[in-house]
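1. Take this sequence and fold it.
(one chain, ligands or ions: 1)
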Amino acid sequence: MVTIVYWSGTGNTEAMANEIEAAAKAAGADVEKMLFDDTTVDAVAGKDVILLGCPAMGGEELEETVVEPFFAELSGKLSGKKVGLFGSYGWGTGDWMETWKQRALDAGANLIGTAIVNETPNNSEECKALGEAAAKA
Ligand SMILES: Cc1cc2nc3c(=O)[nH]c(=O)nc-3n(C[C@H](O)[C@H](O)[C@H](O)COP(=O)(O)O)c2cc1C
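-> Next up, the predicted model:
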């Protein structure tokens, strides 16, 4: 089972989640998809393959009211877990994802891939690759 958990303010990261879900399903995986708001840290920590989505916010940061506190707590429970990260960005160059990736690695996660897209995805190769990697993980 691949579990996708995401936050999206204007729908771009949500569109990525949909593309990743479609790719993972096409590769044969069962997929569940939910918002950070609709789950808990312990529920996510108990999953097998975890894909987390959040756009670049703040100054190259995670969304601060929901995702940052969620991930800060979850990172204590990610050691050895198969984790993928994705999100949309605007005017930056993807620095928020580099920081996020490093935090996941520092937490001991087994990073299966990342995907970033400038604004709205449109049959993104990055999303497809992450969905396929998750299906095989
Ligand atoms: C409050 C706010 C802060 C943002 N900060 C950044 C940023 O630091 N770097 C960047 O590249 N884009 C930034 N963006 C642009 C968003 O990452 C971009 O529009 C993205 O597509 C939004 O994804 P979403 O539709 O899933 O919310 C910011 C947007 C907002 C509204």
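
2. what does this structure put close to the ligand?
-> Contacts of the chain with the ligand, taken as CB under 6 Å from any ligand atom, map to 8-13, 55-60, 88-92, 119. In this view, the C-beta of every residue, glycine as well, is placed from N, C-alpha and C.

3. What's the ChimeraX syntax to select whichever of those residues are buried?
-> ChimeraX command restricting the residues of the chain next to the ligand to the buried ones, with burial defined by 16 or more other CB atoms under 10 Å:
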select :8,12,13,55,56,57,60,88,89
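
4. so of the residues of the chain next to the ligand, which ones are in helices?
-> Counting by DSSP state H, these place 12, 13 in helices.

5. do you know how far the residue most central in space within the chain is from residue 91?
-> Residue closest to the mean C-alpha point of the chain, counted by CA atoms, centre = their mean, is residue 52 at 2.3 Å. Counting by CB to CB, to the nearest Å, the gap from residue 52 to residue 91 is 22 Å.

6. what do you get for residue 12?
-> 13 Å.

7. What separation do you get for residue 127 and the ligand?
-> As defined by CB to the nearest ligand atom, to the nearest Å, residue 127 lies at a distance of 13 Å from the ligand.

8. Enumerate every residue touching that residue.
-> The neighbours of residue 127, taking CB atoms under 8 Å, 6 or more residues apart in numbering as the test, are 16, 19, 20, 23, 86, 115, 117, 121.

9. Name the helix or strand for it, please.
-> Here residue 127 is covered by helix 125-136, with elements defined by DSSP states H and E.

10. Is residue 121 in a helix, a strand, or coil?
-> Going by DSSP: H, G, I helix; E, B strand; the rest coil, the secondary structure assigned to residue 121 is coil.

11. wait, it sits on residue 16?
-> Yes. The criterion here is CB atoms under 8 Å, and residue 121 meets it with residue 16 at 5.0 Å.

12. okay, and the common contacts of these two?
-> By CB under 8 Å, 6+ apart, residue 121 and residue 16 have these common neighbours: 88, 127.

13. So these two - more neighbours on which side?
-> More crowded of residue 121 and residue 16, by other CB atoms under 10 Å: residue 16, with 29 against 24.
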